[in-house]
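Asker: need coordinates for the following:
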Amino acid sequence: MAHAFDPELAAALAMWAPVDISDLAAARAAQAAELADVDGRADSSGVKVEDVRVPGGPGVLLRTYRPQERPGPLPVLYTVHGGGFVLGSPQVDHEENLHFCRELQALVVSVDYRLAPEHPYPAALEDCWAGLCAVVDRAAALDADPTRVALRGDSAGGGLVAALAMLARERGGPAVRLQQLHSPALDDRLATPSAVEYTDTPVWNRRNAELSWAAYLGPDGIADRYAAPARAEPADLVGLPPAHVTVMQFDPLRDEGIDYARALLAAGVPTELHVLPGTFHGAGMVAHAGVVRRARAEAVAVLRRALGR
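Answerer: The predicted model follows:
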């Protein structure tokens with residue numbers, strides 16, 4: 001099926017190999033090759049990058065980004081990468097996290113959670129939780145302000161952030177000022193119109209989504225609201241932190257993001273929703289495209305307000 005992609009994004013697509021997680025070893029190898037020189041390409045000027053291992057699971061790795069010239073205590077942006085629960089590492093968002101660090105003058109922390117299917121739910125979520133708690137518990141050592149924390153996640157990371165927001169409320173903190181969900185994976189049922197229709201979209205399609213959820217949920221295949229936040233009842237959403245939700249027009253995950261934003265609104269949660277025209281899942285990788293630049297500027301502006309910058 002032909003889709004009316006943004007012209008700048010359509011031009012970039014011609015140079016991309018399709019993403020297919022049915023052969024997970026090959027998909028991981030391809031991603032590793034793509035990311036092999038990301039440190040060399042990225043402009044890290046003005047930012048100090050460090051990797052820190054903290055307790056949790058086998059030991060959770062956090063990558064921290066600190067503005068070199070900004071005195072603390074710094075607000076915190078805690079980021080969770082995407083990859084369908086089966087791919088990825090902090091390296092995926094390295095360039096974006098450098099950008100957020102400079103623009104927000106904040107401590108950006110990216111968590112390297114365990115991946116499915118080797119580590120099914122709830123391993124990834126508990127790793128993300130352990131990392132978030134470690135940042136807050138070690139705020140003094142990190143020269144961070146534990147009262148100014150925002151969460152941001154992309155794709156599977158967006159679903160994990162939505163679950164983290166619920167955990168933070170129910171486990172008595174830490175306080176979260178904003179949950180920023182970008183193309184979030186929230187619903188294992190894949191019954192929305194976009195999930196049914198988009199079988200041929202680039203980067204992510206229904207088949208990849210099915211394989212992703214099967215790997216994440218494991219042999220039992222049982223999902224609760226922490227695995228798939230779209231399953232939350234209305235009462236489960238009351239009192240959550242404000243949300244900023246962005247979805248792509250031609251993305252099987254589009255409608256579950258829209259539905260979740262509407263559910264948050266119905267629960268009284270201040271929520272902002274953006275549908276980016278002509279886009280597909282992963283379009284943010286085309287950093288020069290106008291629609292991507294506008295979305296990134298909006299994300300920075302929302303985070304800046306939430307963090308008191």
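
Asker: low-confidence regions, this protein specifically.
Answerer: Residue ranges of the chain with pLDDT under 70: 1, 56-58.

Asker: again, only this time at 50
Answerer: Along the chain, the model assigns pLDDT under 50 to no residue.

Asker: that one: helices as residue ranges?
Answerer: 7-13, 24-35, 38-41, 94-104, 123-137, 139-142, 156-170, 193-197, 206-217, 234-237, 254-266, 290-306 (DSSP state H).

Asker: need those in JSON lines (columns: mean neighbour count and distance to residue 283).
Answerer: Backbone N, C-alpha and C define where each C-beta goes, glycine included. Shown next, in JSON lines, are the helices of the chain (neighbours: other Cβ atoms under 10 Å; distance: least, Cβ to Cβ, whole Å):
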{"stretch": "helix 7-13", "mean neighbour count": "16", "distance to residue 283": "5"}
{"stretch": "helix 24-35", "mean neighbour count": "14", "distance to residue 283": "16"}
{"stretch": "helix 38-41", "mean neighbour count": "10", "distance to residue 283": "18"}
{"stretch": "helix 94-104", "mean neighbour count": "21", "distance to residue 283": "13"}
{"stretch": "helix 123-137", "mean neighbour count": "22", "distance to residue 283": "24"}
{"stretch": "helix 139-142", "mean neighbour count": "15", "distance to residue 283": "33"}
{"stretch": "helix 156-170", "mean neighbour count": "25", "distance to residue 283": "14"}
{"stretch": "helix 193-197", "mean neighbour count": "16", "distance to residue 283": "15"}
{"stretch": "helix 206-217", "mean neighbour count": "20", "distance to residue 283": "15"}
{"stretch": "helix 234-237", "mean neighbour count": "15", "distance to residue 283": "28"}
{"stretch": "helix 254-266", "mean neighbour count": "20", "distance to residue 283": "12"}
{"stretch": "helix 290-306", "mean neighbour count": "17", "distance to residue 283": "6"}
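
Asker: correct me if wrong: residue 85 contacts residue 215.
Answerer: Yes: the pair residue 85 and residue 215 passes the contact test of Cβ atoms under 8 Å, sitting 6.2 Å apart.

Asker: can you list residues touching both of those two?
Answerer: residue 116 (Cβ atoms under 8 Å, 6 or more residues apart in numbering).

Asker: how about residue 249, what does it touch?
Answerer: 275, 276, 277, 278, 279, 280.

Asker: in TSV: the helices of the chain, plus distance to residue 47.
Answerer: Output for those, formatted as TSV (distance: least, Cβ to Cβ, whole Å):
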stretch	distance to residue 47
helix 7-13	26
helix 24-35	18
helix 38-41	12
helix 94-104	5
helix 123-137	17
helix 139-142	15
helix 156-170	21
helix 193-197	36
helix 206-217	31
helix 234-237	35
helix 254-266	30
helix 290-306	15
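
Asker: of those, give the one that comes closest to residue 223.
Answerer: Among those, the nearest to residue 223 by Cβ to Cβ is helix 206-217 (5.7 Å).

Asker: ok, back up a step: return a selection command, for use in PyMOL, containing the buried ones of the contacts of residue 249.
Answerer: To isolate the buried subset of the contacts of residue 249 in PyMOL, counting by 16 or more other Cβ atoms under 10 Å, use the following:
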select buried, resi 276+278+279+280
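
Asker: looking at the contacts of residue 249, which is nearest residue 115?
Answerer: residue 280 (23.2 Å).

Asker: so what's that closest one up against?
Answerer: Residue 280 neighbours (Cβ under 8 Å, 6+ apart): 3, 5, 9, 201, 202, 203, 204, 248, 249, 250, 251.

Asker: now with 7 Å, please.
Answerer: For residue 280, the contacting residues are 5, 9, 201, 202, 203, 248, 250, 251, by Cβ atoms under 7 Å, 6 or more residues apart in numbering.

Asker: residue 162 now?
Answerer: 179, 181, 184, 186, 229 are the contacts of residue 162 under Cβ under 7 Å, 6+ apart.

Asker: thought the third one was touching residue 159?
Answerer: So the one you mean is residue 184. Yes: if you go by Cβ atoms under 7 Å, residue 184 and residue 159 touch, sitting 5.2 Å apart.
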